[in-house]
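J.: pasted the sequence and its predicted model underneath.
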Amino acid sequence: MRVTVDQDKCVGSGQCVLAAERVFDQRDEDGVVILLDAEPPAELDEDVRQAAVVCPALAIELSE
Amino acid sequence: MAHPLPDIKDEPRTGLPPYPMPRADRCPFDPPPTLRQLQAEAPVSRVRLWDGSTPWLVTRYHDQRALLADPRVSADVMRDNYPHVTPSFKARRTDAKTFISMDDPEHARLRRMVTGPFAIKRVEAMRPAVQRVVDDLLDEMAAGPRPVDLVQAFALPVPSMVICTLLGVPYADHDFFQRNSRLLINRDTPADAVLDAQHQLIDYLDDLVGAKLADPDDDLLSRLAAEQVSTGELTRRELAVMGFLLLVAGHETTANMIALGTLALLQNPDQLAVLRETDDPKVVAGAVEELLRYLHITHSGRRRVALEDIEIAGQAIRAGEGIILANDIGNRDEDVFPDPDRLDIGRDARRHVAFGFGPHQCLGQPLARVELQVAYGTLYRRLPGLRLATDFERIPFKHDGLVYGVYELPVTW
């Protein structure tokens, strides 16, 4: 799975970090998303999908 | 018992259901039955508000999320046809506008000033301090008389102390700001009393910001004063208004969740037993998400205005029309949450909309989660015999609150 994030859309809710902390982090100064792993291992697929579902800003895109 | 619905198709402007609507007498944890009926039969339909206006009410989960995340939908309280919650909300709208009532890009500019401190890792670092607050309050409660009102002894002080520490507001002033914030969030408080409470709180924070500018401390208000006021990004008054928002939002919501959640668990002893017997943080975290979904205390609906014509669920909403998203019933949508009226702390409820959705989703949610995880994760283990000290029927619910909960919760153990 390939992950992209849109930092302009991000509202810093942190939901992605809760769902998949190995894939997403937040900038210190404003909580905006940082993508740690654009092609996470398959065992994290479910967590990454959860992150995309709960992102309130629809800022996470996934492609298989 | 469900209320009969008028035929909305035949009478587009009259006989519409009023909003908000009453809950059923014997189901204080469930949203009003009319909402359930609308969700099943007319998921995007007009309701009538206190001022006679007839905005759209949206009751299904997926439609709510789509609209809350749609840039064609505005949260700006100054727009015509914005569906105001009460006359006093309408009256106070110009007085202290915060970023929750603005659209991007101004909303994003202001919100991003305060998102850093609520980032997951920063809030996680506060967990030991939250645990200390909870432990100290429970020590005090355990040593004191019984029965005790859990709201005053525990549910309110926990978030109040935590947000005070984060912001740098002296907790010693809690009588003052809790009294004023109580007035603000009651639907029945007259407009002039609401304005007065708002002024008092903002003036108080303005003084505090002045003190932080002169003599900074290690807290959020001091940091914002130095980074934003000193650089001209915010005026001192604007920071006071922002502090006011964080202070009020920071304690009423979590306080109500702690008390109402405890009551819901006491009424569902099998669920309470799971929490009492676990030391697995994942089980506690899952219980918090389910209680957020099930109780959905922000029961006044999220309010918006359409900026353009929008079609949703086959219904045309015209530019300039008001929209209310009833997230309480969205969280009971059986297409998303099977058997939605059952409290089941073992289910995966993480996709709930208790914190809203879209760019305005609750800023403080990471802090609320940590507070609730620590509170629920400690209270029932520390006081395993916790029980109601009155009849369930005598518990006073906040039917008149902008945020739902209980006014008091007498307990013993």
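T.: That came through, no problem. Being a predicted model, the structure only gives us computed values, none of them experimental.
J.: use CA for all of it now, contacts and neighbours both
T.: Noted.
J.: which SSE is B:Leu272 in?
T.: Using DSSP states H and E, B:Leu272 maps to helix B:269-277.
J.: who in chain B is up against chain A?
T.: B:69, B:108, B:112-120, B:350-351, B:357-363, B:365-366 (C-alpha under 8 Å from any C-alpha of the partner chain).
J.: inside helices: which ones of those residues?
T.: B:108, B:112-115, B:120, B:365-366 (DSSP state H).
J.: now those residues as a markdown table including neighbour count?
T.: Output for these, formatted as a markdown table (neighbours: other C-alpha atoms under 10 Å in any protein chain shown):
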| residue | neighbour count |
| --- | --- |
| B:Ala108 | 20 |
| B:Arg112 | 17 |
| B:Met113 | 17 |
| B:Val114 | 21 |
| B:Thr115 | 23 |
| B:Ile120 | 24 |
| B:Gln365 | 21 |
| B:Pro366 | 21 |
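J.: quick one, helices of chain A?
T.: Per DSSP H, chain A carries helices over the ranges A:15-19, A:45-54.
J.: nearest to chain B, of these?
T.: Chain B lies closest to helix A:45-54 among these, at 5.6 Å (C-alpha to the nearest C-alpha).
J.: so A:Gln50 is in contact with A:Leu18, correct?
T.: No. A:Gln50 is beyond contact range of A:Leu18, at 9.7 Å (criterion: C-alpha atoms under 8 Å).
J.: deepest-packed of the helices of chain A, please.
T.: Compared across those, helix A:15-19 shows the largest average neighbour count, a mean of 23 (mean count of other C-alpha atoms under 10 Å in any protein chain shown).
J.: contacts for it?
T.: Contact with helix A:15-19 is made by A:23-26, A:47-48, A:50-52, A:54-55, B:120, as judged by C-alpha atoms under 8 Å, 6 or more residues apart in numbering or on different chains.
J.: now with 7 Å?
T.: A:24-25, A:47-48, A:50-51, A:54-55 (C-alpha atoms under 7 Å, 6 or more residues apart in numbering or on different chains).
J.: ok, and which of the residues you listed reach chain B?
T.: The subset of these within reach of chain B, counting by C-alpha under 7 Å from any C-alpha of the partner chain, consists of A:Val54.
J.: so B:Pro17 sits right up against B:Ser45, yeah?
T.: No. At 9.6 Å, B:Pro17 and B:Ser45 do not qualify as touching, with contact defined as C-alpha atoms under 7 Å.
J.: so where do the strands sit in chain A?
T.: For chain A, the strands defined by DSSP state E occupy A:2-5, A:24-26, A:33-35, A:60-63.
J.: tell me the buried residues in the first one?
T.: Read that as strand A:2-5. Buried positions in strand A:2-5, judged by neighbour count with 16 or more other C-alpha atoms under 10 Å in any protein chain shown: A:3, A:5.
J.: and it, what's its mean pLDDT?
T.: For strand A:2-5, the mean per-residue pLDDT is 98.
J.: helices or strands next to that strand in the packing?
T.: Contact here means 3 or more C-alpha pairs under 7 Å, 6 or more residues apart in numbering or on different chains; DSSP states H and E; on that basis strand A:2-5 packs against strand A:60-63.
J.: how about 10 Å then?
T.: strand A:33-35, helix A:45-54, strand A:60-63 (3 or more C-alpha pairs under 10 Å, 6 or more residues apart in numbering or on different chains; DSSP states H and E).
J.: what's the closest of those to B:Glu393?
T.: Closest to B:Glu393 of these is helix A:45-54 (C-alpha to C-alpha; 36.8 Å).
J.: what about that closest one, distance to the chain center?
T.: Averaged C-alpha coordinates place helix A:45-54 at 8 Å from its chain's average position (C-alpha atoms, centre = their mean, to the nearest Å).
J.: name the helices or strands packed onto it?
T.: Other helices and strands packing on helix A:45-54, by 3+ C-alpha pairs under 10 Å, 6+ apart, are strand A:2-5, helix A:15-19, strand A:60-63.
J.: look up phi and psi at the residue of chain A found nearest chain B.
T.: Residue nearest to chain B within chain A (C-alpha to the nearest C-alpha): A:Asp30, separated by 4.0 Å. A:Asp30 adopts backbone torsions of phi -140, psi 10, taken as degrees, to the nearest 10.
J.: B:Gly116 is in contact with that one, correct?
T.: Yes. A:Asp30 lies in contact with B:Gly116 (C-alpha atoms under 10 Å); the separation is 4.0 Å.
J.: more neighbours: those two, which one.
T.: B:Gly116 (21 against 18; other C-alpha atoms under 10 Å in any protein chain shown).
J.: list the residues that contact the more buried one.
T.: A:12-13, A:26-32, B:122-123 (C-alpha atoms under 10 Å, 6 or more residues apart in numbering or on different chains).
J.: name the nearest residue to the residue of chain A most remote from its centre, ignoring sequence neighbours.
T.: For chain A, the largest distance from the centre (C-alpha atoms, centre = their mean) belongs to A:Glu29, which lies 17.5 Å off. Nearest-residue entry for A:Glu29: B:Gly116, 5.1 Å, with adjacent residues in sequence omitted and distances by C-alpha to C-alpha, 6 or more residues apart in numbering or on different chains.
J.: confidence score at that neighbour?
T.: Reported pLDDT for B:Gly116: 93.
J.: that one and A:Arg27, how far apart?
T.: 7 Å (C-alpha to C-alpha, to the nearest Å).
J.: same deal with B:Gly356?
T.: B:Gly356 is 23 Å from A:Arg27, by C-alpha to C-alpha.
J.: these two: which has the busier surroundings?
T.: B:Gly356 (22 against 13).
J.: wait, what's in contact with that one?
T.: B:Gly356 neighbours (C-alpha under 10 Å, 6+ apart): A:56, B:64-65, B:68-69, B:298, B:301-302, B:325-328, B:362.
J.: show me what residue of chain B gets nearest to chain A.
T.: B:Gly116 (4.0 Å).
J.: now do stretch B:122-131: distance to the chain's middle.
T.: On C-alpha atoms, centre = their mean, the centre of stretch B:122-131 falls 21 Å from that of its chain.
J.: that one: which residues count as buried?
T.: B:122-124, B:127, B:130-131.
J.: restricted to helices, list these.
T.: Per DSSP H, those map to helices at B:122-124, B:127, B:130-131.
J.: for the stretch 301-413 of chain B, what spans make up the strands?
T.: With strands called from DSSP state E, counting those that start in this stretch, the stretch 301-413 of chain B shows them at B:302-306, B:310-312, B:315-317, B:322-325, B:387-388, B:410-412.
J.: who does the fifth one pair up with?
T.: Within its sheet, strand B:387-388 is paired with strand B:410-412 (antiparallel), according to DSSP bridges.
J.: thank you, goodbye.
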